[in-house]
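Asks: Give me a 3D structure for the following:
(one chain, ligands or ions: 1)
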Amino acid sequence: MAKKKMTVADFKNWKKEGKKFTFVTAYDYTTATIVDESDCNIILVGDSLGMIMLGYKGTESVTMEDMIHHIRPVVKGAPNTWIIGDMPFGSYQESDEQAVHNAVRLIKETNCDCVKLEGGVEMLSRIKAIAGAGINTMGHIGLTPQTASSLGGFKVQGGTPETAAKVIKDAIELEKAGCFSLVLECVPVSVGKAVAEAVSIPVLGIGAGPHVDCQVLVTQDLLGMYGDFKPKFVKHFAQVRKVMVDGLNAFHKESIEGTFPSEEYCFNKAVDIPKLY
Ligand code: KIV
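Replies: Numbers count the residues shown, from 1 in each chain. Purely as a prediction, here's the structure:
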């Protein structure tokens with residue numbers, strides 16, 4: 001039976017009921033169809049596409065055009081899955097007006113279900129403006145990759161009582177500002193638990209321990225597709241890179257040996273070939 005797409009009400013209700021759920025990434029049509037066929041509930045078309053699909057060093061160079069280009073095929077491929085469109089760096093930092101303009105563009109030009117933007121209390125006015133425009137708005141706190149260098153790099157956040165208090169306060173204020181859910185990235189387990197207890201919206205954790213409402217991983221990471229780099233919080237649930245390399249090598253070997261294509265893969269109609277050479 002095809003799974004049913006989540007609604008915005010489900011986010012709140014599932015949190016209240018203690019029902020756990022999952023979210024993964026996709027950046028293209030084929031992967032979207034695969035996630036749609038799986039039991040995973042949510043797809044993020046994340047700006048991590050900068051590294052994973054476009055080969056950039058970080059997420060900072062990703063543009064609105066990149067995001068729109070990748071969100072559209074994912075929306076087409078996953079009609080039964082809630083889809084988040086990530087707001088790229090530079091698309092909401094300037095002003096509330098810029099933030100609303102670009103959030104409206106993402107929704108209008110791609111038909112995704114919500115937008116996500118990074119930042120804590122310093123982004124409250126942007127979040128109020130986007131949510132106030134009637135757009136489902138997801139926050140992203142803890143480690144925020146777009147501004148990781150200002151946080152001292154890709155490091156665990158909230159590791160002292162003071163910084164933990166900042167993360168918890170960010171979550172509380174984001175809920176008050178109108179976020180219907182929030183991503184919490186790279187914090188100690190105790191901070192993940194505290195944030196999940198502090199708010200009534202679901203906390204979607206990546207590297208935030210087991211007490212959050214929803215576990216998040218990048219699809220290419222969890223399937224073991226993305227080479228050697230593996231953050232501590234990533235578990236490889238499959239070895240898809242190896243399966244793909246093995247498949248490519250089998251094709252190469254059989255092709256150069258001449259065992260592919262065998263009869264079953266050929267159009268075997270006999271044709272009288274005119275003598276032209
Ligand atoms: O872009 C992304 O993949 C993300 C996840 C880390 C949540 O924002």
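
Asks: Residue 182: neighbour count?
Replies: 26 (other CB atoms under 10 Å). C-betas here are computed from N, CA, C, even on glycine.

Asks: Give the full set of residues in contact with the residue nearest the centre of the chain.
Replies: Nearest residue to the geometric centre of the chain (CA atoms, centre = their mean): residue 44, 3.0 Å. The neighbourhood of residue 44, defined by CB atoms under 8 Å, 6 or more residues apart in numbering, consists of 23-26, 83-84, 86, 116, 216.

Asks: mind running it again at 7 Å?
Replies: 23, 25, 84, 86, 116 (CB atoms under 7 Å, 6 or more residues apart in numbering).

Asks: If you rank the residues you listed by neighbours, which is first?
Replies: Neighbour max across these (other CB under 10 Å) = residue 86, 28 neighbours.

Asks: What distance do you get for that one to residue 102?
Replies: When distance is defined by CB to CB, to the nearest Å, residue 86 is 11 Å away from residue 102.

Asks: What of residue 253?
Replies: Noted for residue 253: a distance of 49 Å to residue 102, by CB to CB.

Asks: more neighbours, the two?
Replies: Shown here are residue 253 and residue 102; by other CB under 10 Å, residue 102 has more neighbours (21 against 11).

Asks: Next one, pLDDT for that one please.
Replies: pLDDT recorded at residue 102 is 98.

Asks: still on that earlier bit, out of the contacts of residue 44, which are close to the ligand?
Replies: Restricting the contacts of residue 44 to those touching the ligand (CB under 6 Å from any ligand atom) yields 25, 86.

Asks: Okay, and which of the contacts of residue 44 map to strands?
Replies: Residues of the contacts of residue 44 located in strands (DSSP state E): 23, 25, 84, 86, 116.

Asks: didn't the second one look like it was pressed against residue 42?
Replies: No: counting by CB atoms under 7 Å, residue 42 is not a contact partner of residue 25; they are 9.7 Å apart.

Asks: can you give me the strands for the protein?
Replies: Counting by DSSP E, the strands of the chain are 21-25, 42-45, 82-86, 114-116, 137-142, 181-185, 203-206, 214-217.

Asks: residues contacting the nearest residue to residue 91 once chain neighbours are set aside?
Replies: Leaving aside its sequence neighbours, residue 91 sits nearest to residue 102 (CB to CB, 6 or more residues apart in numbering; 4.2 Å). Contacts of residue 102 were listed using CB under 7 Å, 6+ apart, and they are 64, 87, 91-92.

Asks: Would you quantify the distance from residue 102 to the ligand?
Replies: With distances taken as CB to the nearest ligand atom, to the nearest Å, residue 102 is found 16 Å from the ligand.

Asks: same question, residue 27
Replies: From residue 27 across to the ligand, the span is 9 Å (CB to the nearest ligand atom).

Asks: Residue 266 now?
Replies: Taking CB to the nearest ligand atom, one finds residue 266 at 43 Å from the ligand.

Asks: Report the buried residues of stretch 67-78.
Replies: 67-68, 70-75, 77-78 (16 or more other CB atoms under 10 Å).

Asks: Check stretch 131-148 too.
Replies: Within stretch 131-148, the residues that qualify as buried by neighbour count (16+ other CB under 10 Å) are 131, 135-146, 148.
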